[in-house]
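*Asks:* Got a predicted structure plus its sequence, pasted below:
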Amino acid sequence: MLKRLERQDRLAEGIDIARHRTLEWLSAMQATGQPGGVLRISALHDEAAWPGMLLPGTYNGIMCLDLLCGLDGWPAKDRARLVAWLESHRLPDGRFRVPGMSDDGVFKKPDIGETWRYIDWHVTNYSLGAIDALEPGRQPNLAFAEPWLDPLTLKAWLADRDLRDPWQEGNNIVNLASFLLLLRRDGGQALQARVNAALDILYAWHDRLREPTTGFWGVGQLSDRTRLLHAFAGSMHNFHIWYHEGRPLEGQDKAVDYCLSLPPVIDSACIDVDAVDVLVHGLQLLDHRRNEVEAWLTTMLEALLAFQNADGGFCDVREGTRRQDGWVKGYAEPQGHSNTFATWFRWIAIAMIADVLWPKRWNWRFRRMTGIGYRLASGPSAP
């Protein structure tokens with residue numbers, strides 16, 4: 001028992017030290033000549049050559065800062081200036097886009113419309129998350145999402161989801177859900193009813209296609225370990241819709257079982273936060289295999305803290321090339337270097353684990369929008 005307490009104390013102290021170091025690193029990422037809070041994505045980022053990358057550098061960094069210390073202490077004029085800067089990247093229909101991206105430089109699917117929809121929705125979800133951190137409740141322009149309130153449009157779009165790539169489709173679905181939930185939050189009674197009807201269609205589609213032995217969505221997951229891993233990584237995004245709405249999630253215990261079968265060691269920033277998310281919400285909603293989950297999370301926390309770079313940030317992985325998602329002929333830098341994307345994702349994992357092991361010891365500010373960084377606090381969100 002004494003050794004366990006000493007380990008816990010050492011880890012808690014490690015979180016405090018790591019947090020201070022990350023805040024110093026984020027401060028060093030401030031872009032030259034830009035409003036306070038506009039951040040380079042990494043120390044390697046040449047902002048003059050790649051000005052568009054200031055958008056992901058900033059939305060990742062702002063949400064990391066909000067998670068670590070909150071933004072309430074920032075002067076209102078500074079927050080307003082940063083919101084205006086973020087919204088300067090907004091297209092007329094409300095989508096946000098990274099400047100510099102073009103048709104010949106992007107790819108997610110052979111259909112260029114699908115490619116842009118994936119990229120724009122992803123960038124929009126995160127941009128709106130940063131804006132919501134700076135100005136909670138600010139009403140976004142979601143004209144681009146309104147067509148999906150039509151039942152036939154939504155059903156046709158769902159029929160085109162390719163579950164051979166559930167990781168990509170999980171992002172598509174949770175991003176759409178986040179926009180629908182914002183429409184419901186800001187709309188009147190009639191709009192709220194339309195959103196709820198759209199959510200019912202989403203639930204029914206998922207219920208038909210869920211693999212009952214795993215709780216995940218994805219083709220071939222029972223015959224291939226990599227396909228199963230991708231099914232898990234994509235499905236945890238979809239799970240957020242159930243968490244947000246307070247609906248029981250069929251197969252959630254099986255999802256927890258799968259994550260416990262993974263070794264609690266560093267993989268990628270995405271995979272690591274996905275596993276932590278599933279386990280933390282599984283504890284909260286099911287209290288399933290608590291002792292094993294807490295042991296897994298404790299070991300993972302040790303690995304995460306040890307993975308912090310000397311400069312105070314975090315990298316995604318140590319080897320290879322890192323690109324902005326979907327920008328295949330665009331910005332690239334070597335992996336292994338601290339960047340705001342990986343730093344935010346890894347702090348989500350650390351904070352979620354800390355919230356389980358030391359409830360309320362730190363005032364983490366988790367995202368309120370569904371998607372990476374969302375954490376169910378206490379019961380479903382209000383309609």
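*Replies:* Thanks, I have it.
*Asks:* What is the least confident helix or strand in this structure?
*Replies:* None of the helices or strands of the chain scores lower by mean pLDDT, DSSP states H and E than helix 2-28, at a mean of 91.
*Asks:* just the helices in the stretch 51-200 of the chain please.
*Replies:* Ranges of helices in the stretch 51-200 of the chain, per DSSP state H, counting those that start in this stretch, are 54-69, 76-87, 112-134, 151-159, 166-186, 189-209.
*Asks:* closest to Thr321 out of the ones you listed?
*Replies:* Nearest of the helices of the stretch 51-200 of the chain to Thr321, taken as C-beta to C-beta: helix 54-69 at 16.0 Å. (Each C-beta comes from the backbone N, C-alpha and C, glycine too.)
*Asks:* Quick one: classify Leu260 as helix, strand or coil.
*Replies:* When classified by DSSP: H, G, I helix; E, B strand; the rest coil, Leu260 comes out as helix.
*Asks:* okay, now it: neighbour count?
*Replies:* 18 (other C-beta atoms under 10 Å).
*Asks:* That one contacts Leu297, doesn't it?
*Replies:* No - between Leu260 and Leu297 no contact is recorded; they are 10.2 Å apart, counting by C-beta atoms under 8 Å.
*Asks:* what touches both of these two?
*Replies:* Leu279 (C-beta atoms under 8 Å, 6 or more residues apart in numbering).
*Asks:* burial count for the residue nearest to Ala275 when sequence neighbours are not counted?
*Replies:* Sequence neighbours aside, Cys259 is the residue nearest to Ala275 in space, at 4.6 Å (criterion: C-beta to C-beta, 6 or more residues apart in numbering). Cys259 has 20 neighbours, counted by other C-beta under 10 Å.
*Asks:* Cys259 and Ala177: what is the separation?
*Replies:* Between Cys259 and Ala177 the distance is 22 Å, computed by C-beta to C-beta, to the nearest Å.
*Asks:* ok, which stretches of the stretch 201-350 of the chain are strands?
*Replies:* Assigned strands in the stretch 201-350 of the chain, in chain order: 321-323, 332-334 (criterion: DSSP state E, counting those that start in this stretch).
*Asks:* Just list what the least confident helix or strand of the chain packs against, helices and strands only.
*Replies:* Other elements packing on helix 2-28 under the criterion 3 or more C-beta pairs under 8 Å, 6 or more residues apart in numbering; DSSP states H and E are helix 54-69, helix 290-306, helix 340-357.
*Asks:* Please identify the buried residues of it?
*Replies:* Buried residues in helix 2-28, counting neighbours by 16 or more other C-beta atoms under 10 Å, are found at 11, 14-15, 18-19, 21-22, 25-26.
*Asks:* gap between it and the chain center?
*Replies:* Distance, stretch centre to chain centre, for helix 2-28: 23 Å (C-alpha atoms, centre = their mean, to the nearest Å).
*Asks:* Compute the inter-axis angle for that helix and helix 340-357.
*Replies:* 150 degrees (axes from the mean of the first three to the mean of the last three C-alpha atoms, to 10 degrees).
*Asks:* Just want the angle from helix 2-28 to helix 54-69.
*Replies:* Going by the same axes, to 10 degrees, helix 2-28 makes 140 degrees with helix 54-69.
*Asks:* that older thread, would you turn the buried residues of helix 2-28 into JSON lines with distance to Trp362?
*Replies:* JSON lines is the format used below for the buried residues of helix 2-28 (distance: C-beta to C-beta, whole Å):
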{"residue": "Leu11", "distance to Trp362": "12"}
{"residue": "Gly14", "distance to Trp362": "13"}
{"residue": "Ile15", "distance to Trp362": "7"}
{"residue": "Ala18", "distance to Trp362": "12"}
{"residue": "Arg19", "distance to Trp362": "8"}
{"residue": "Arg21", "distance to Trp362": "15"}
{"residue": "Thr22", "distance to Trp362": "13"}
{"residue": "Trp25", "distance to Trp362": "19"}
{"residue": "Leu26", "distance to Trp362": "17"}
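*Asks:* now the angle from the least confident helix or strand of the chain to helix 290-306?
*Replies:* Angle, helix 2-28 to helix 290-306, by the same axes, to 10 degrees: 40 degrees.
*Asks:* Run through the residues that contact Arg19.
*Replies:* Leu68.
*Asks:* is it possible to export the strands of the stretch 201-350 of the chain to a markdown table including mean neighbour count?
*Replies:* Shown next, in a markdown table, are the strands of the stretch 201-350 of the chain (neighbours: other C-beta atoms under 10 Å):
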| stretch | mean neighbour count |
| --- | --- |
| strand 321-323 | 14 |
| strand 332-334 | 15 |
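*Asks:* Turn those strands into a markdown table, including distance to Leu304 and mean pLDDT.
*Replies:* Output for these, formatted as a markdown table (distance: least, C-beta to C-beta, whole Å; pLDDT from 0 to 100):
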| stretch | distance to Leu304 | mean pLDDT |
| --- | --- | --- |
| strand 321-323 | 19 | 98 |
| strand 332-334 | 21 | 98 |
